[in-house]
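J.: Give me coordinates for this.
(one chain, ligands or ions: 1)
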Amino acid sequence: MAILVTGGAGYIGSHTVVELLNAEQQVIVLDNLSNANVNALKRIENITNKTCVFYQGSVLNKALLHKIFTDHQIESVIHFAGLKAVGESVNKPLQYYETNVTGTIILCQVMAEHGVKQLVFSSSATVYGVPDSLPIRENFTTGATNPYGQSKLMVEQLLTDLHIADKQWNIAVLRYFNPVGAHESGLIGEDPSDTPNNLMPYICQVAVGKLPELQIFGNDYLTPDGTGVRDYIHVVDLAQGHLKALQKLSTRPGIVTYNLGTGRGYSVIEIIKAFEQASGKQIPYRFSARRDGDLAAYFADSSLAYEELNWQPLHSLESMVESSWLWQSKNPNGYND
Ligand code: WQD
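T.: Model (predicted):
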């Protein structure tokens with residue numbers, strides 16, 4: 001029996017495929033390579049000495065999905081494929097709703113037609129509105145402030161309705177906080193297709209000289225040093241969380257949502273200092289205006305995942321910045337090196 005990983009050539013997807021292969025799972029990857037590089041799959045083979053079956057295409061392609069489910073005995077799906085840039089989603093709402101919502105609907109329709117009803121869904125902490133308190137728990141009010149977050153919320157709702165309609169569906173919804181870092185080999189990592197929106201890949205590109213300096217979006221937040229505080233989680237810890245959620249599906253019927261974070265927040269300045277310590281590189285920066293939509297601070301209460309999935313993050317901040325630097329310094333041009 002195989003696991004279908006949509007978006008499996010992407011940043012979090014590729015790290016999850018490594019963990020699945022290391023756990024002796026058969027893996028099928030579907031990826032349209034819109035924000036991924038096929039070279040990641042070769043690197044995965046170098047790391048694991050195992051291969052996965054790869055199909056290039058979109059989850060919107062129903063015929064291709066039918067072919068995959070016909071040609072392979074698939075027991076579960078981990079669904080990463082989607083668009084995820086908050087700012088871009090404001091300018092391209094239809095593209096975000098089509099890919100993220102319609103894409104998931106088509107995937108679930110084909111899964112149901114083939115009797116496959118075990119799903120791990122890649123959601124995001126963006127679905128939480130402005131939290132009333134910290135840390136954030138799964139039962140906190142949700143309320144997206146952009147089409148990207150709204151699309152994730154809509155998918156969470158459709159999956160809930162799907163389970164209500166057919167109790168055979170077993171679904172784990174994973175809300176990520178801020179994934180960073182890379183596999184210890186330095187062979188796979190985050191490789192944004194254009195100028196990074198997120199902090200860590202931006203710092204990495206400054207460190208290798210691809211970008212001149214970092215802009216810190218606001219230093220007047222009510223946080224210890226005035227800069228934004230986030231719950232950074234190592235991508236390998238995040239990948240492990242997917243395996244644990246997958247394993248849980250077979251013993252825990254129903255639909256359940258888990259925060260995947262560390263419960264600890266770090267400020268932008270703290271991240272810069274830790275990265276400089278790990279890399280020996282100076283990261284020039286200047287303060288600029290706050291970024292629309294940014295919150296001062298948010299970090300997770302992941303105790304439900306600790307208790308129910310027997311999962312907890314193992315990597316330290318040092319490991320996050322060291323592994324990010326190792327990946328970037330070995331691959332200054334990402335997978336195009
Ligand atoms: C982190 C901190 C910025 C860039 C986003 C999505 C979320 C998830 C993770 C998908 C903030 C500051 C950043 C820069 C900066 N993605 N920053 N200069 O915004 O917490 O979360 O990515 O699911 O959905 O919303 O992550 O890395 O963009 O920002 O000062 O050039 O770094 O203000 O305080 P964010 P981020």
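J.: Longest helix of this protein, counting residues only.
T.: helix 147-165 (DSSP state H).
J.: Give the buried residues for that helix.
T.: 147-156, 159, 162-163 (16 or more other C-beta atoms under 10 Å). For every residue, glycine as well, the C-beta is placed using N, CA and C.
J.: Now the element after that helix, going C-ward?
T.: strand 170-176 (DSSP states H and E).
J.: so that next one versus helix 147-165, what angle?
T.: In terms of direction (axes from the mean of the first three to the mean of the last three C-alpha atoms, to 10 degrees), strand 170-176 departs from helix 147-165 by 160 degrees.
J.: Keep the buried residues of helix 147-165, but drop any that are not near the ligand.
T.: Contacts with the ligand are made by none of the buried residues of helix 147-165, judged by C-beta under 6 Å from any ligand atom.
J.: How far off centre is the longest helix of the chain?
T.: Distance of helix 147-165 from the chain centroid (C-alpha atoms, centre = their mean, to the nearest Å) equals 17 Å.
J.: what's the answer for stretch 68-82, then?
T.: Taking the mean of its C-alpha atoms, stretch 68-82 sits 18 Å from the chain's own mean (C-alpha atoms, centre = their mean).
J.: and if you look at stretch 156-176?
T.: Using C-alpha atoms, centre = their mean, the offset of stretch 156-176 from its chain centre is 19 Å.
J.: Could you do stretch 236-246 as well?
T.: Its chain's C-alpha centre and that of stretch 236-246 lie 11 Å apart, by C-alpha atoms, centre = their mean.
J.: Pull out the buried residues from that stretch.
T.: Val236, Asp237, Leu238, Ala239, Gln240, Gly241, His242, Leu243, Lys244, Ala245, Leu246.
J.: so how far is Gly13 from the closest residue to Ala274 other than its chain neighbours?
T.: Sequence neighbours aside, Val321 is the residue nearest to Ala274 in space, at 4.7 Å (criterion: C-beta to C-beta, 6 or more residues apart in numbering). Distance, Val321 to Gly13, by C-beta to C-beta, to the nearest Å: 22 Å.
J.: now swap in Thr251 and tell me
T.: Distance of Thr251 to Gly13, computed by C-beta to C-beta: 25 Å.
J.: out of those two, which sits in the more crowded spot?
T.: Gly13 (25 against 7; other C-beta atoms under 10 Å).
J.: which element is the more buried one on?
T.: helix 11-22.
J.: Show me the helices in the stretch 1-150 of the chain, by range?
T.: If DSSP state H, counting those that start in this stretch is used as the criterion, the helices of the stretch 1-150 of the chain fall at 11-22, 39-48, 62-71, 86-91, 93-96, 103-113, 147-165.
J.: Of the ones you listed, give the one that comes closest to Asn197.
T.: For Asn197, the closest of the helices of the stretch 1-150 of the chain is helix 86-91, at 6.1 Å, according to C-beta to C-beta.
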